[in-house]
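Enquirer: Requesting a structural model of the entry that follows:
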Amino acid sequence: MTSNPVHGVDALMRGARLLTRRELRPFVIVPLAINLVLFVIISAVMLSQLSGLTDYLTSLLSHTPVNTENMSWWESIMAKGAAWAANVFERLAWIIALAVLLLFLFVYGYLFGIITNIIAAPFNGFLAEKVEEILTGKGPPPEPLGRMILRTLGRELRKLRYFIGWGLVIMLIALFTSWTVFVPAVLGALWGAWCMAIQYVDYPLDNHQRPFDELKRVLMRRKLTTLSFGGAVMLAKMVPVLNIFVMPAAVAGGTALWIERLRQEGDPGAN
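Expert: Numbers count the residues shown, from 1 in each chain. Just a heads-up that it's a prediction; the model follows:
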């Protein structure tokens, strides 16, 4: 089976359709409640940062100097780099402003996703298990509840170390190329899509207690499918209100993607 970006987008939509199944509703209510509370908190924090961001986006489009004195360190770095690029590429200022705005939304969606995934990890494991039962007629091997909760939380911390470690590398590259604006934007988009795919395809493999390195090998088999699924999840998480409902749809969709597109003979649960 070839790697097709359409399959990745379709997996997220399939996950959303699966959530309408009555037998899945008990596994969706708690994650949705967690998302709703965190959405209010994180949105309030991010909105408080918009004033400084709006000022320097306006300065880019009007080609006037921007005052960075009252900005946070990361806003100041982006402002100076983007302002310099805007002076060099004056006619592309509106594209630069759009790229910076998308970067802000990316940070918002990524922060929202990290926090909700850690808190809701055990519930997402239950949801992935039930989706697998619906699609295949059988689920992963049974496991004591307490052990399952500790294992899923440990897995989330393992993924978080991976995300932060390579994320720092991406950040350094982005800082050294910040004058282009476009290089950090492309790197951030690809890294974000890869992280989202890892996050949500991992649940069924984790339920089968498969190593984290095996997950990466599974995803590398079909890179375009993987990145399109992760990209669709990432874009949905960037949209306020919609991001409340994305997580359970992504868990269901990632499970369906693994079962129907990524899994091969010999993989966990394939026989």
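Enquirer: Output the below-cut-off pLDDT ranges for the stretch 151-271 of the chain.
Expert: 178-179, 181, 265-271 (pLDDT under 70).
Enquirer: try 90 this time
Expert: 151-154, 156-157, 160, 163-189, 192, 218, 221-222, 234-248, 261-271 (pLDDT under 90).
Enquirer: Report the spatially closest residue to residue 13, excluding sequence-adjacent ones.
Expert: Nearest residue to residue 13, sequence neighbours excluded (Cβ to Cβ, 6 or more residues apart in numbering): residue 253, at 7.4 Å. For glycine as for every other residue, the C-beta is placed from the backbone atoms N, C-alpha and C.
Enquirer: tell me what whichever helix or strand that neighbour is part of is packed against?
Expert: In this assignment (DSSP states H and E), residue 253 forms part of helix 242-257. Where contact means 3 or more Cβ pairs under 8 Å, 6 or more residues apart in numbering; DSSP states H and E, helix 242-257 is packed against helix 5-18, helix 25-47, helix 93-136, helix 182-207, helix 223-237.
Enquirer: ok, the residue nearest to residue 13 to residue 127 distance?
Expert: Per Cβ to Cβ, to the nearest Å, residue 253 is found 11 Å from residue 127.
Enquirer: Looking at the two, which is more packed in?
Expert: residue 253 (29 against 26; other Cβ atoms under 10 Å).
Enquirer: contacting residues around that one?
Expert: Contacts of residue 253 were listed using Cβ atoms under 8 Å, 6 or more residues apart in numbering, and they are 11, 12, 13, 14, 15, 16, 18, 200, 229, 233.
Enquirer: same thing with residue 19?
Expert: 25, 28, 248, 249, 252.
Enquirer: Got the confidence number for it?
Expert: We have a pLDDT of 91 for residue 19.
Enquirer: Backbone dihedrals for it, both of them.
Expert: Main-chain dihedrals, residue 19, degrees, to the nearest 10: phi -70, psi -20.
Enquirer: cool, and residue 210?
Expert: In terms of degrees, to the nearest 10, the main-chain angles of residue 210 are phi -90, psi 150.
Enquirer: what do you get for residue 159?
Expert: Torsion angles, degrees, to the nearest 10, at residue 159: phi -70, psi -40.
Enquirer: Does it touch residue 200 like I think?
Expert: No. Counting by Cβ atoms under 8 Å, residue 159 sits too far from residue 200 to count as a contact (10.6 Å).
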